[in-house]
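**Student:** coords below, sequence missing:
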C-alpha cells in the first residue's frame, strides 16, 4: 500500500502562486506516474496534470495550461505541482495520485487509472 501525503495548500489571492507537494516515505516513486486532480464543491473530480514516472512527459488540462507545472524529484520521493496566476475558479481540494507505470513516459488524466491517492489539500483563491 503506497501512502501519499500532500502539503502546500492554503489561501492565496488571485494572481498568486502556490506549490503543492506529494511525498511518500515508504517506497520509491520512481515507478509511478503522478497525477494531480481537483474537486470543487458540487463538481466532479477533474484531472489537472500528470507527470510520467520518468519525468520526461507531462500533460495538463486546458484550464491550467501555461499556469501550472508538474515536476518531480525522485531522490526525495516527492512530486510537485507549481501553480501560478491562480484564479478563483482554481479553488478546490487538490489530490495527488500514483499510477504504477514502471519507468514509462505514459501520462494520463483518467482517475480510474490510478491506484493510490493522497488525502487532499485545500486550495482557496480569494481576495
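**Tutor:** Everything's here; your move. Since we're looking at a predicted model, the values are computed, not measured. Numbering: from 1, shown residues only.
**Student:** and the closest residue to residue 32 other than its chain neighbours, helix, strand or coil?
**Tutor:** Residue nearest to residue 32 in three dimensions, not counting chain neighbours: residue 98, with 4.0 Å by Cβ to Cβ, 6 or more residues apart in numbering. Heads up, the C-betas are built off the backbone N, CA and C, glycines and all. Secondary structure assignment for residue 98 (DSSP: H, G, I helix; E, B strand; the rest coil): strand.
**Student:** So what pairs up with the most centrally placed residue in the chain in the strands?
**Tutor:** Nearest residue to the geometric centre of the chain (Cα atoms, centre = their mean): residue 36, 2.6 Å. Residue 36 has these beta-bridge partners by DSSP bridges: residue 49, residue 96.
**Student:** Just list the residues touching it, thanks.
**Tutor:** If you count contacts by Cβ atoms under 8 Å, 6 or more residues apart in numbering, residue 36 has them with 20, 22, 47-50, 68, 70, 81, 94-97.
**Student:** Of all pairs in these, which one is the farthest apart?
**Tutor:** Farthest pair in the contacts of residue 36 (Cβ to Cβ) is 68 and 97. Separation: 15.7 Å.
**Student:** And stretch 120-127, how far out from the chain middle?
**Tutor:** Centroid displacement of stretch 120-127 relative to its chain, using Cα atoms, centre = their mean, to the nearest Å, is 14 Å.
**Student:** scratch that, stretch 111-122 is what I was asking about
**Tutor:** Here stretch 111-122 is found 9 Å from its chain centre; the criterion is Cα atoms, centre = their mean.
**Student:** quick one on the thing from earlier: distance check, the residue nearest to residue 32 against residue 123.
**Tutor:** Separation of residue 98 from residue 123 (Cβ to Cβ, to the nearest Å) stands at 20 Å.
**Student:** for the record, mean pLDDT for stretch 74-91?
**Tutor:** What stretch 74-91 shows for mean pLDDT is 96.
**Student:** Identify all contacting residues around that stretch.
**Tutor:** The set of residues external to stretch 74-91 that reach it, using Cβ under 8 Å, 6+ apart, is 12, 14-25, 27-30, 34, 36, 38, 40, 48-49, 51, 55, 63-64, 67-73, 94, 96, 123-126.
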